[in-house]
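K.L.:
My questions concern the predicted model and sequence given below.
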Amino acid sequence: MNTEFTFTIKSTLFDESYQPADDTRITTNFANLARGASRQQNLRNTLAMINNRFNALAQWDNPKGDRYAVELEIISVEMAINAQDEGVNFPAIEILKTHIIDRKTDKRFEGIVGNNFSSYVRDYDFSVLLLEHNKEQTAFSVPENFGDLHGKLFKHFVNSSAYKQHFSKPPVICLSVSDNKIYQRTENQHPILGFEYQPNESSLTELYFQKMGLQVRYFMPPNSAAPLAFYYVGDLLNDYTGLELISTISTMETFQKIYRPEIYNANAAAGQHYQPNLKNQDHSLTQIVYDRQERGQLAIEQGRFAQEHFIKPYQRVLEQWSASHVN
């Protein structure tokens with residue numbers, strides 16, 4: 001069977017007037033904020049936080065702290081499956097692309113693609129497959145070949161002509177640290193990314209992203225409350241410019257302050273020996289409204305959507321394609 005996957009890339013500006021499309025995963029950071037009575041104020045406050053953080057980090061030749069602005073593009077990736085004249089389009093991935101506006105020179109620079117990462121198949125893996133697998137288990141375990149299909153699909157996308165036509169560098173995805181690991185600060189310090197931290201053990205998320213072709217390093221940028229996890233291809237410290245890295249830090253740290261205030265808006269910064277705590281009461285809240293409980297429930301719903309509309313109907317096709325693509 002000759003199965004081909006092709007990708008179509010669409011972009012939407014994330015600004016004060018952004019409204020999620022019908023096929024957007026509403027658990028994404030950006031879509032979750034753009035709903036309800038507070039949607040426009042949420043968006044305005046979020047963008048202001050991103051710009052302020054960017055200027056605080058890019059402080060050289062920036063005496064008033066207002067030289068730069070970040071423009072965000074939501075990148076929606078649709079995947080077409082063509083097997084034996086049978087075709088289906090599936091909303092595969094959503095990521096963010098940053099652009100940097102230099103108000104002093106009136107120039108616009110390309111930032112980093114990736115940042116936030118959303119995937120229906122990942123929702124299926126973690127919120128449906130993993131939960132069902134552990135229902136009858138006395139001890140937690142991971143299904144055989146867990147994440148293999150998703151990893152191969154992601155690498156297929158990054159190596160596709162569609163990706164290369166739109167983006168000049170590999171993606172960097174920035175996530176929060178895990179509250180069940182301990183992080184030790186090292187002596188390695190980067191001028192933009194800050195101090196590097198090392199976890200005491202690997203995690204299921206690390207292994208899952210490894211199958212996507214991504215390695216991880218943990219850094220706590222200057223004046224941050226906690227380290228961030230940077231998943232990347234190649235050389236994180238040398239493949240990207242300072243401004244590109246700042247665009248990712250300012251964007252994703254802002255989202256984490258909104259969604260994980262106990263960690264990223266904590267009133268005390270991480271020390272040399274650090275374990276994140278989602279029950280930490282000593283933190284500040286942003287002026288941005290969102291529903292964390294609803295967000296968790298939607299991940300399960302969207303995992304089931306992937307199961308019904310992608311995994312089940314095309315199981316044989318997907319298994320054969322995955323078997324023919326070695327990780």
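P.N.:
Received it, and whenever you're ready, just let me know what you need.

K.L.:
Do a quick rundown of the helices in this structure.
P.N.:
For the chain, the helices defined by DSSP state H cover 29-33, 39-57, 120-124, 130-133, 148-158, 161-166, 204-210, 242-259, 261-264, 292-306, 315-323.

K.L.:
mind putting those helices in TSV, distance to Val177 included?
P.N.:
C-betas here are computed from N, CA, C, even on glycine. What follows is the helices of the chain, written out as TSV (distance: least, CB to CB, whole Å):
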stretch	distance to Val177
helix 29-33	16
helix 39-57	18
helix 120-124	18
helix 130-133	20
helix 148-158	22
helix 161-166	28
helix 204-210	10
helix 242-259	9
helix 261-264	7
helix 292-306	17
helix 315-323	30
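
K.L.:
Export those to CSV and append columns for distance to Glu71 and mean neighbour count.
P.N.:
Formatted as CSV, the helices of the chain follow (distance: least, CB to CB, whole Å; neighbours: other CB atoms under 10 Å):
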stretch, distance to Glu71, mean neighbour count
helix 29-33, 13, 23
helix 39-57, 9, 19
helix 120-124, 26, 24
helix 130-133, 36, 14
helix 148-158, 23, 20
helix 161-166, 16, 12
helix 204-210, 27, 17
helix 242-259, 9, 24
helix 261-264, 23, 20
helix 292-306, 25, 16
helix 315-323, 36, 15
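
K.L.:
can you list the ones you listed in CSV and add mean pLDDT and distance to Glu187?
P.N.:
Listed next are the helices of the chain as CSV, based on pLDDT from 0 to 100; distance: least, CB to CB, whole Å:
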stretch, mean pLDDT, distance to Glu187
helix 29-33, 64, 33
helix 39-57, 93, 21
helix 120-124, 92, 34
helix 130-133, 89, 37
helix 148-158, 95, 33
helix 161-166, 95, 36
helix 204-210, 95, 22
helix 242-259, 96, 20
helix 261-264, 95, 23
helix 292-306, 77, 36
helix 315-323, 88, 42
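
K.L.:
can you tell which of those is closest to Asp106?
P.N.:
Among these, the nearest to Asp106 by CB to CB is helix 242-259 (15.4 Å).

K.L.:
what packs against the closest one?
P.N.:
helix 29-33, helix 39-57, strand 68-83, strand 86-102, strand 107-119, strand 172-176, strand 228-232, helix 261-264 (3 or more CB pairs under 8 Å, 6 or more residues apart in numbering; DSSP states H and E).

K.L.:
now for these, which one comes closest to Asn200?
P.N.:
strand 228-232 (14.2 Å).

K.L.:
That closest one: how far from the chain's middle?
P.N.:
9 Å (CA atoms, centre = their mean, to the nearest Å).

K.L.:
Tell me the neighbouring strands of it, and mark each as parallel or antiparallel.
P.N.:
Neighbouring strands of strand 228-232 in its sheet, by DSSP bridges, are strand 172-176 (antiparallel), strand 215-220 (antiparallel).

K.L.:
Now do the same contact list for Lys152.
P.N.:
By CB atoms under 8 Å, 6 or more residues apart in numbering, Lys152 lies in contact with 211, 321-322, 325, 327.

K.L.:
could I get those residues as CSV with distance to Arg44?
P.N.:
Formatted as CSV, these follow (distance: CB to CB, whole Å):
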residue, distance to Arg44
Lys211, 38
Trp321, 44
Ser322, 43
His325, 44
Asn327, 43
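
K.L.:
Mind telling me the two of those farthest from one another?
P.N.:
Among the contacts of Lys152, Lys211 and Trp321 lie farthest apart (CB to CB), at 15.3 Å.

K.L.:
what's the spacing between the residue positioned nearest the centre of the chain and Ile74?
P.N.:
Nearest to the mean C-alpha position of the chain, by CA atoms, centre = their mean, lies Asn116 at 2.5 Å. Separation of Asn116 from Ile74 (CB to CB, to the nearest Å) stands at 9 Å.

K.L.:
Same question for Ser118.
P.N.:
On the measure of CB to CB, Ser118 and Ile74 end up 10 Å apart.

K.L.:
shared neighbours, these two?
P.N.:
Glu94.

K.L.:
Looking at these two, which is more packed in?
P.N.:
Neighbours were counted for Ser118 and for Ile74 using other CB atoms under 10 Å; Ser118 has more, 25 against 22.

K.L.:
From Glu201, how far out is the more buried one?
P.N.:
For Ser118, the distance to Glu201 - CB to CB - is 26 Å.

K.L.:
Repeat that for Lys104.
P.N.:
Applying CB to CB to Lys104 and Glu201 gives a distance of 45 Å.
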